[in-house]
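Engineer: just coords:
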């Protein structure tokens, strides 16, 4: 069944920057272009470096009692904790890349989810190491589940590597298939709509965090690892389901439907991991990425076998 893409919406997405429009929309081709990607990448790196220096300076001023921050926060306890700030900016950039890859490759879009959760684990590692550094002693080792985080991050790195290998096989197979221009246009619309949604979510999260941190002083009750990304993965589940349903318009192949459905399960498991503590959260994360990898491996073998027949 051919995908019936609304003509007026198609014209809007492709041509809304024409002279007959008085509104200053950002062209879709620019938002998803390499030029835009490079600009956002450089801006993110600049901001990460700038706020890393700011964070490091605040830690130095606090430790030397030049200034006093009325917060019992581990973010100002050790120079190691300053690494938390640039990692947060890198994670935001990874969210941008995740949306960027939606129209380009569904598999690359999924692997970006895995990269984001692995970077969240690494960020948590630096935070726990800063607490251990502050308290001085390995008696804190068990309290912060450092071995679990180390093992989880290493396994995630290996699985992401294997996933990338399988993606290359997928690309080789898919180059033989038909062009899906209409579905790609639909995915571009989804990614374009996601940019402002995630931007507003980030602004709202930042304002809420600032309010809790500096006005209500609720630093001890804040789960910084869950902040923003719990909502992001909730939105991604909706996006995954929407893409799955729309995919029925252009394909009825069982292995592709099963692959896309499996990726949704993987995303749900990652989202669920935010609601649990270590080591259960780590088990859910590893289950999600292993399940996604196995789904992709079986899908590729299934499609390769179909192409032989």
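Structural biologist: Cool, the structure landed. Note that the structure is a prediction, hence the values are computed from the model and not measured.
Engineer: can you pull the pLDDT of residue 283?
Structural biologist: pLDDT, residue 283: 95.
Engineer: before we move on, what about residue 209?
Structural biologist: 75.
Engineer: can you check the one 4 residues further on too?
Structural biologist: The score at residue 213 is 65. That number is its pLDDT.
Engineer: Nearest spatial neighbour of residue 118, chain-adjacent residues omitted?
Structural biologist: residue 156 (4.1 Å; Cβ to Cβ, 6 or more residues apart in numbering). Placement of C-beta: from N, CA and C, glycine included.
Engineer: Count the neighbours of that neighbour for me.
Structural biologist: The local packing of residue 156 (other Cβ atoms under 10 Å) involves 22 other residues.
Engineer: go on, residue 103?
Structural biologist: Other residues within reach of residue 103, judged by other Cβ under 10 Å, total 20.
Engineer: That one and residue 209, how far apart?
Structural biologist: 31 Å (Cβ to Cβ, to the nearest Å).
Engineer: Over to residue 90?
Structural biologist: Plainly put, residue 90 is 18 Å away from residue 209 if you go by Cβ to Cβ.
Engineer: Residue ranges in the stretch 201-309 of the chain under the pLDDT threshold?
Structural biologist: 212-224, 309 (pLDDT under 70).
Engineer: just to revisit the earlier point, can you report phi and psi for the residue nearest to residue 118?
Structural biologist: Note on residue 156: backbone dihedrals following degrees, to the nearest 10 are phi -60, psi -40.
Engineer: quick one, what contacts the nearest residue to residue 51 once chain neighbours are set aside?
Structural biologist: Distance criterion Cβ to Cβ, 6+ apart; nearest residue to residue 51, sequence neighbours excluded, is residue 85 at 5.0 Å. Each residue near residue 85 by Cβ atoms under 8 Å, 6 or more residues apart in numbering is listed here: 48, 51, 52, 54, 55.
Engineer: Mind giving me the ChimeraX select for the residues you listed, buried ones only?
Structural biologist: Buried residues within the contacts of residue 85, by 16 or more other Cβ atoms under 10 Å, are selected in ChimeraX with:
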select :48,52,55
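Engineer: Any idea which of the contacts of residue 85 the model trusts least?
Structural biologist: Out of the contacts of residue 85, that is residue 55, at 88.
Engineer: Residue 82 is in contact with that one, correct?
Structural biologist: Yes. Using Cβ atoms under 8 Å, residue 55 makes contact with residue 82 at a distance of 4.3 Å.
Engineer: on that earlier part again, give the full set of residues in contact with the residue nearest to residue 118.
Structural biologist: 114, 117, 118, 121, 285, 286, 289.
Engineer: let's see 7 Å
Structural biologist: Residues in contact with residue 156 (Cβ atoms under 7 Å, 6 or more residues apart in numbering) are 114, 118, 121, 289.
Engineer: Highest neighbour count among those?
Structural biologist: Per-residue neighbour counts (other Cβ under 10 Å) across these peak at residue 289, which has 26 neighbours.
Engineer: in which helix or strand would I find that residue?
Structural biologist: Assessed by DSSP states H and E, residue 289 sits inside helix 280-308.
Engineer: helices or strands up against that helix?
Structural biologist: helix 106-135, helix 146-174, helix 254-273 (3 or more Cβ pairs under 7 Å, 6 or more residues apart in numbering; DSSP states H and E).
Engineer: Which residues belonging to it are considered buried?
Structural biologist: 281-282, 284-290, 292-293, 295-296, 299-300, 303.
Engineer: same deal with stretch 183-193?
Structural biologist: So, applying 16+ other Cβ under 10 Å, buried residues of stretch 183-193: 183, 185, 186, 187, 188, 189, 191, 192.
Engineer: Output the residues you listed as TSV; include the columns pLDDT and secondary structure.
Structural biologist: Formatted as TSV, those follow (pLDDT from 0 to 100; DSSP: H, G, I helix; E, B strand; the rest coil):
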residue	pLDDT	secondary structure
183	84	helix
185	84	helix
186	87	helix
187	89	helix
188	86	helix
189	88	helix
191	89	helix
192	87	helix
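Engineer: Now do the same contact list for residue 155.
Structural biologist: residue 286.
Engineer: cool, and residue 211?
Structural biologist: Shown in contact with residue 211 (Cβ under 7 Å, 6+ apart): no residues.
Engineer: distance of it from residue 205?
Structural biologist: 11 Å.
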